[in-house]
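J.: Just a sequence and a predicted model for now, questions to come.
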Amino acid sequence: MLTHSVEEGPLINRFRKLWAEIAGVGRDSGSGGYLRYALTEAERTLRGWFREQADARGMPVQQDGNGNLFAWWGDPDAGEAVLTGSHFDSVPHGGAYDGPLGIVGAFLAVDELRAAGVAPDRPIVVAAFVEEEGARFGVPCLGSRLLTGEIDADRAAGLRDRAGVSFADALGARPAGADPTLLGRFAAFVELHVEQGRALVDADAPVAVASAIWPHGRWRFDFTGEGNHAGTTRMADRRDPMLTYAFTVLAANKEARLRDAHATVGRVSVEPNATNAIPSRVTGWLDARAAEAETLHGLVEAVRAKATERAGRDGTALTCTPESATPLVAFDGGLAGRLVTLLDAPVLPTGAGHDAGVLAAHLPTAMLFVRNPTGVSHSPAESATDADCAAGVAALARVLEELACH
């Protein structure tokens, strides 16, 4: 039986050593952030590392036909398996811990259990989900959505990155889509993740249990107008979609603040993208999140209405297309409560999306957060100490033992 007295000194060293093996993969020397887009060279290198780690532990690896990897400790046909893990892919110039911490931590948790002589009654499975961030193909949690059938395989196959490469081409085949048989082998999922905020700093605690994920989604706003010459077109004659776009960004900020919600336009595409040309098209992506679905709906509709009204005044046109939407995810109350008692840990909600949020609709799911001293995420400033990461591994090991041995 593992207890809070797991030797943290040696575990810190083991974490530091394993973490160092992947720390340089995909890191940009200029920004210090990571470029680990799904199914690119950097992420494929990490997927190879995943297989090596699984092989070293005698854990057969299964690929589900959607790009997701599963390393099994125990008989895959036994059923009632406890699933853990996370993802390798990053946002552009993202932080080191978002995703990989959950995979490195999972392998180390297996090591802790074995070192303690634990023989699980149920299989324990370490997963690496593909395209969680949606930074390459536009749909977040794509791998877990495919596994659970929450996105059509044909639609996923046709998703394209900015270079025009389809997800099917990057994967090397049409994705297999929903796999009820594989999904049915899992009894629970627990994801270890760096906190994407600083609540644990304020709570002076290294690890927390998640309570819920805010409803959130992504909407594409396409503004079209008339491309023209910047030097010869009178201001009164312009139909400039950049003006409508700029107004919309400010409107999103205002509407989110009024509702105590979050709205971000962090990506924009401009045509023809020339300094001396009035744009013919501007596309912006709105990321919106709120504590309640009704608030989120009201926010997006208010932004859409204001953008439409402004387009009428600017002589431009607007098309708004939902690209992804995730409802409120309240993690399994019985499981979360059980982990809070087991770990004596605080409870935190989060505004960030995760594969755990997708899987929660299909099996009991929980998340553990590791303290982030900076409170910053999706940025090179994202951080966690080796000691806190080791505490997260120890907590995950205790949870896996609790779920797989009882």
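T.: Nice, thanks for sending it over.
J.: from here on, contacts and neighbour counts on C-alpha atoms
T.: Noted.
J.: May I have the phi/psi pair for T283?
T.: Per-residue torsions, T283: phi -120, psi 130 (degrees, to the nearest 10).
J.: what about it, distance to G225?
T.: Remark: distance between T283 and G225 (C-alpha to C-alpha, to the nearest Å) = 12 Å.
J.: Just give the number of residues close to the closest residue to L142 other than its chain neighbours.
T.: Nearest residue to L142 in three dimensions, chain neighbours excluded: E131, at 5.5 Å (C-alpha to C-alpha, 6 or more residues apart in numbering). The number of residues packed near E131 is 30, by other C-alpha atoms under 10 Å.
J.: low pLDDT regions in this structure?
T.: Scanning the chain for pLDDT under 70 picks out the ranges 1-8.
J.: and if we set it to 80?
T.: By pLDDT under 80, the low-scoring segments of the chain are 1-8, 333, 351, 406.
J.: Please, where are all the strands along the stretch 1-150 of the chain?
T.: For the stretch 1-150 of the chain, the strands defined by DSSP state E, counting those that start in this stretch cover 61-63, 69-73, 81-87, 124-129.
J.: could you check the angle strand 124-129 makes with the longest one?
T.: Just to be clear, that refers to strand 81-87. Put simply, strand 81-87 runs at 30 degrees to strand 124-129, going by axes from the mean of the first three to the mean of the last three C-alpha atoms, to 10 degrees.
J.: Which other helices and strands does strand 81-87 contact?
T.: helix 100-115, strand 124-129, strand 186-194, helix 386-404 (3 or more C-alpha pairs under 8 Å, 6 or more residues apart in numbering; DSSP states H and E).
J.: what does it contact?
T.: The contact list for strand 81-87 (C-alpha atoms under 8 Å, 6 or more residues apart in numbering) reads 99-103, 105-106, 122-132, 185-193, 355, 400, 403-404.
J.: Give the ChimeraX command for selecting the buried subset of those.
T.: Burial among the contacts of strand 81-87 is assessed by 16 or more other C-alpha atoms under 10 Å; the matching ChimeraX selection reads:
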select :99,100,101,102,103,105,106,122,123,124,125,126,127,128,129,130,131,132,185,186,187,188,189,190,191,192,193,355,400,403,404
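J.: Okay, A325 and W214: tell me how far apart.
T.: Distance of A325 to W214, computed by C-alpha to C-alpha: 11 Å.
J.: Could you check which of the two has the larger neighbour count?
T.: Per other C-alpha under 10 Å, whichever of A325 and W214 has more neighbours is W214, with 23 against 16.
J.: which residues touch the more buried one?
T.: By C-alpha under 8 Å, 6+ apart, W214 lies in contact with R289, A290, A291, E292, P327, L328, V329, P349, T350, G351, A352, G353.
J.: Closest one of those residues to E80?
T.: V329 (22.4 Å; C-alpha to C-alpha).
J.: Quick check: longest helix in this protein by residues?
T.: Longest helix of the chain, by residue count under DSSP state H: helix 293-314.
J.: now the end-to-end length of stretch 185-202.
T.: Counting by C-alpha to C-alpha, you get 39 Å between the two ends of stretch 185-202.
J.: same thing with stretch 53-72?
T.: For stretch 53-72, the first and last residues are 12 Å from each other (C-alpha to C-alpha).
J.: And it, what's buried?
T.: For stretch 53-72, by 16+ other C-alpha under 10 Å, it's 53-54, 59-61, 64-72.
J.: Closest one of those to G24?
T.: Q53 (17.0 Å).
J.: Contact partners for that closest one?
T.: F107.
J.: The one 5 residues further on now?
T.: Neighbour list for G58: W73 [criterion: C-alpha under 8 Å, 6+ apart].
J.: Number of residues surrounding the residue lying closest to T248 once chain neighbours are set aside?
T.: Distances taken as C-alpha to C-alpha, 6+ apart put A307 closest to T248, at 5.3 Å, once the chain neighbours are dropped. Neighbour count for A307, taken as other C-alpha under 10 Å: 25.
J.: T321 too?
T.: 12.
J.: I figured it hits W219, correct?
T.: Yes. With contact defined as C-alpha atoms under 8 Å, T321 reaches W219; the gap is 5.6 Å.
J.: how far away is the residue nearest to D179 when sequence neighbours are not counted from R281?
T.: In space, D179 comes closest to L147 once its chain neighbours are excluded; the distance is 5.6 Å by C-alpha to C-alpha, 6+ apart. Separation of L147 from R281 (C-alpha to C-alpha): 36 Å.
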